[in-house]
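# I'd like to go over a predicted model; first the sequence, then the structure.
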Amino acid sequence: MNFKGFNLGICMCGSFCTYAVVMDKIRQLADMGINLYPIMSEAALSNDTRFGKSVDFYEELKSICGKEPITTIAEAEPIGPKKMLDAMLVAPCTGNTLAKLNNGITDGAVTMACKAHLRNDRPLIIALATNDALGVNLQNIGGLIIRKNIYFVPFGQDDCIKKPMSMIAHFDKILPAIESACEGKQLQPIIC
């Protein structure tokens with residue numbers, strides 16, 4: 001698939017331990033000539049953690065994408081009416097965001113961006129990273145997997161001994177997942 005001139009929303013949620021690998025994948029997408037539109041959740045925007053400072057992540061995302069990240073509901077809402085994006089990627093997508101998407105809760109920039117984008121019948125690709133995927137969030141994964149225009153980056157358990165409920169996307173499969181979603185297909189196997 002030729003991605004030159006392709007418009008891709010990039011939503012980042014608060015799974016801070018994944019940021020290094022996710023930023024690397026976003027950089028690869030930018031190097032392919034994809035027009036990237038960054039969107040940050042409130043958690044991503046405002047929490048400093050042992051993995052880094054939020055202001056540094058903001059600046060890195062801005063530098064890679066060449067645009068100020070969208071950080072409010074008001075900034076995210078025009079994504080739908082303006083039909084700004086060909087596809088949207090949520091990477092990393094936390095369990096909190098999964099639950100909100102599955103239950104129609106639009107209370108921040110990421111959830112509004114996803115809702116606005118989906119109204120245009122275009123693909124939303126989720127790269128999950130949640131410690132409770134096999135717990136309470138399993139129902140949210142199941143609820144989203146069956147929805148029209150929602151696709152998952154293949155995922156699996158990241159540490160079945162120390163974190164038996166945790167699952168994480170295979171971030172190296174982001175590009176094939178986007179390509180597949182743009183053809184209306186879920187990249188398989190979804191759980192690996």
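Yep, it's here.
# most centrally placed residue in the chain?
V90 (0.7 Å; CA atoms, centre = their mean).
# mind checking which helix or strand that one is in?
In this structure, V90 is located in strand 87-93 according to DSSP states H and E.
# any idea how far the helix or strand bottoming out on mean pLDDT in the chain is from the chain center?
Counting by mean pLDDT, DSSP states H and E, the chain has its least confident helix or strand at helix 42-46, which shows a mean of 88. From the chain centre to the centre of helix 42-46 is a distance of 14 Å (CA atoms, centre = their mean, to the nearest Å).
# Show residues contacting it.
12-14, 16, 54, 57-58, 69, 71, 94, 96, 108-109 (CB atoms under 8 Å, 6 or more residues apart in numbering). Using the backbone N, CA and C atoms, a C-beta is placed for each residue, glycine as well.
# Quick check: phi and psi at the most far-flung residue of the chain relative to its centre.
Distance from the C-alpha centroid of the chain, by CA atoms, centre = their mean, peaks at I161 (26.2 Å). Note on I161: backbone dihedrals following degrees, to the nearest 10 are phi -90, psi -60.
# cool, the one 3 residues further on as well?
Backbone torsions of P164, given as degrees, to the nearest 10, read phi -70, psi -20.
# Tell me if I'm right that it and Q157 touch.
Yes. With contacts counted by CB atoms under 8 Å, P164 reaches Q157, the gap being 7.4 Å.
# so what sits against both of the two?
L134.
# Distance from the strand holding V90 to the middle of the chain?
Here strand 87-93 is found 2 Å from its chain centre; the criterion is CA atoms, centre = their mean.
# helix or strand right after that strand?
helix 95-102.
# Which is the succeeding secondary structure element to that next one?
That would be, after helix 95-102 and using DSSP H and E, helix 109-118.
# which outside residues touch that next one?
By CB under 8 Å, 6+ apart, helix 109-118 touches 9, 11-13, 39-42, 70-73, 75-81, 85, 88, 90, 97, 100-101, 104-106, 124, 149-150.
# What's the ChimeraX syntax to select whichever of these are buried?
Buried residues within the contacts of helix 109-118, by 16 or more other CB atoms under 10 Å, are selected in ChimeraX with:
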select :9,11,12,13,39,40,41,70,71,73,76,77,79,80,85,88,90,97,100,101,106,124,149,150
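# buried stuff in the least confident helix or strand of the chain?
For helix 42-46, by 16+ other CB under 10 Å, it's A43, A44, L45.
# And the last one, how far from M167?
The span separating L45 from M167 equals 25 Å under the rule CB to CB, to the nearest Å.
# So M167 sits against D159, correct?
No. Using CB under 8 Å, M167 is not in contact with D159; the gap is 10.0 Å.
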